[in-house]
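Asker: show me the folded form of this:
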Amino acid sequence: MSDQEQRPSGPPRIVVAGAGSVGCFVGGMLARGVQDVTLLVRPYMLEEIAQQGILLTDFAGLDEALPPDAVKLVLKPEALAEADIILVTVKSGATAVIAEQIASFASKDAIVVSLQNGTQNAGLLRERLQGWDVRAGMVPFNVVAMGGGRFHRGTSGDIVIEKGLGHVARKLSVSGLDVHEVKRMAPVQWGKLLINLNNGLNALSNVPLRKQIMDIRWRRLMADQMTEALAVLAAASVETTNPVTASVSMTMVPKILRLPTWAFRWVAKAMLAIDPTARSSMWEDLTKGRLTEIDELQGVIVALAHQHGIPAPINERVMSLVRDAENAGHGSPALMPAQVRGD
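Answerer: Residues are numbered from 1 along each chain as shown. So this is what the prediction gives:
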């Protein structure tokens, strides 16, 4: 009899492995939906939530406080042994480590879902967890840790995960947090990567996302960067799907970004909600002196560009500027679009 068969029936036991901003928000929403949730966190996060609880807020007016005991808070990976579903939310650079911890402590019956940025993390997890049910996933919305146990979702969108046995999306869907399954995750992940290329621009700008994208100078830079990346992905025969709305292809997005602001505002309002305080996770990383995921975003495009002999100067420059900001350790350099371009 498997470990799963020996466990009592009821809601699945969910462990969020590497609960930072996204992990704490998703875990908090699941706990709010009366799910059994354990957050595997760093010491500073355990102390913050143990003292303050979790406050969930978002662009649509969500404002709900959960007591500290709404979730289980753990520091040690041995807690993975109890998981029916493991949601991996660590930064890409920590994927190999969390895979080793899952292999050491979790049941092979547990379903592992990567809710990480980038296109390569689920593959790395599969490589390290041979024989496990590992699924790729995509979180479309932005979350910023505001301090004091508050986690704020600044943009709209539903989580998408790879289709498989067990109706996992149904089990993870709760009020205010919808999860859907698709058969082919790779095009969705590549589409999300294209959109996430703006994380670097937002981090360099030091302005909120909504203010940034309502500035046509930034939008033109976003469009030029994405057009460059689309040419690289076409050369590499990589298929993309728009993770925000399937009715608009990724090749159309640069054209929409270049619209006059009055027209762009009308089109964007129908596709995406962004509140005035939303920032990119990369901006948060620079602000808190952490390494970013620039290598998993612009870095992937630049590597493919070199491989296929396609120029990608904007992506290369953004990658270089973000690395400079990481090394400087002073947060965002607050650059203007012309400075990012190198004009």
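
Asker: check which helix or strand Val26 maps to.
Answerer: Using DSSP states H and E, Val26 sits in helix 21-32.

Asker: tell me the mean pLDDT for that helix?
Answerer: For helix 21-32, the mean per-residue pLDDT is 96.

Asker: and that helix, C-alpha only, in CSV?
Answerer: Only the C-alpha atoms of helix 21-32 are listed here, as CSV (Å, rounded to 0.1, in the frame of the first residue of the first chain):
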residue,chain,number,x,y,z
SER,A,21,6.1,36.7,-1.9
VAL,A,22,4.2,34.5,-4.4
GLY,A,23,4.4,31.4,-2.2
CYS,A,24,3.0,33.2,0.8
PHE,A,25,0.2,34.8,-1.2
VAL,A,26,-0.8,31.6,-2.9
GLY,A,27,-0.5,29.7,0.4
GLY,A,28,-2.5,32.3,2.2
MET,A,29,-5.3,32.2,-0.3
LEU,A,30,-5.4,28.4,-0.1
ALA,A,31,-5.5,28.6,3.7
ARG,A,32,-8.3,31.2,3.4
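
Asker: packing partners for it?
Answerer: Packing partners of helix 21-32 (3 or more Cβ pairs under 8 Å, 6 or more residues apart in numbering; DSSP states H and E): strand 13-17, strand 36-40, strand 54-58, strand 63-66, strand 85-88, strand 143-147, strand 150-153, helix 281-287. In this view, the C-beta of every residue, glycine as well, is placed from N, C-alpha and C.

Asker: can you give me the strands in the stretch 51-200 of the chain?
Answerer: Along the stretch 51-200 of the chain, the stretches classed as strands by DSSP state E, counting those that start in this stretch are 54-58, 63-66, 72-74, 85-88, 111-114, 133-138, 143-147, 150-153, 159-162, 179-182.

Asker: which stretch in those has the least confidence?
Answerer: Of all those, strand 143-147 carries the lowest average pLDDT, namely a mean of 92.

Asker: gap between that one and the chain center?
Answerer: The chain centroid and the centroid of strand 143-147 are separated by 14 Å under Cα atoms, centre = their mean, to the nearest Å.

Asker: so what are the sheet partners of that strand and their directions?
Answerer: strand 150-153 (antiparallel) (DSSP bridges).

Asker: please state the offset of the strand it pairs with from the chain centre?
Answerer: Here strand 150-153 is found 14 Å from its chain centre; the criterion is Cα atoms, centre = their mean.

Asker: alpha carbons of that strand, as CSV, please.
Answerer: What follows is strand 150-153, C-alpha atoms only, in CSV (Å, rounded to 0.1, in the frame of the first residue of the first chain):
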residue,chain,number,x,y,z
ARG,A,150,1.2,41.7,4.1
PHE,A,151,1.3,40.2,0.6
HIS,A,152,-0.2,42.3,-2.2
ARG,A,153,-1.4,40.9,-5.6
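
Asker: can you tell me what sits against that strand?
Answerer: Strand 150-153 is touched from outside by 21, 24-25, 28, 54-59, 62, 141-146, 277-278, with contacts defined as Cβ atoms under 8 Å, 6 or more residues apart in numbering.

Asker: and Met214, how many neighbours does it have?
Answerer: Neighbourhood size, Met214 [other Cβ atoms under 10 Å]: 16.

Asker: need the strands of the stretch 51-200 of the chain in TSV (columns: mean neighbour count).
Answerer: Formatted as TSV, those follow (neighbours: other Cβ atoms under 10 Å):
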stretch	mean neighbour count
strand 54-58	21
strand 63-66	14
strand 72-74	17
strand 85-88	26
strand 111-114	27
strand 133-138	23
strand 143-147	17
strand 150-153	23
strand 159-162	24
strand 179-182	17
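
Asker: okay if I get those strands as TSV plus distance to Pro243?
Answerer: Below are the strands of the stretch 51-200 of the chain laid out as TSV (distance: least, Cβ to Cβ, whole Å):
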stretch	distance to Pro243
strand 54-58	18
strand 63-66	26
strand 72-74	31
strand 85-88	18
strand 111-114	15
strand 133-138	6
strand 143-147	16
strand 150-153	16
strand 159-162	7
strand 179-182	10
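
Asker: so for Gln225, which of these sits nearest?
Answerer: Gln225 lies closest to strand 133-138 among the strands of the stretch 51-200 of the chain, at 20.1 Å (Cβ to Cβ).
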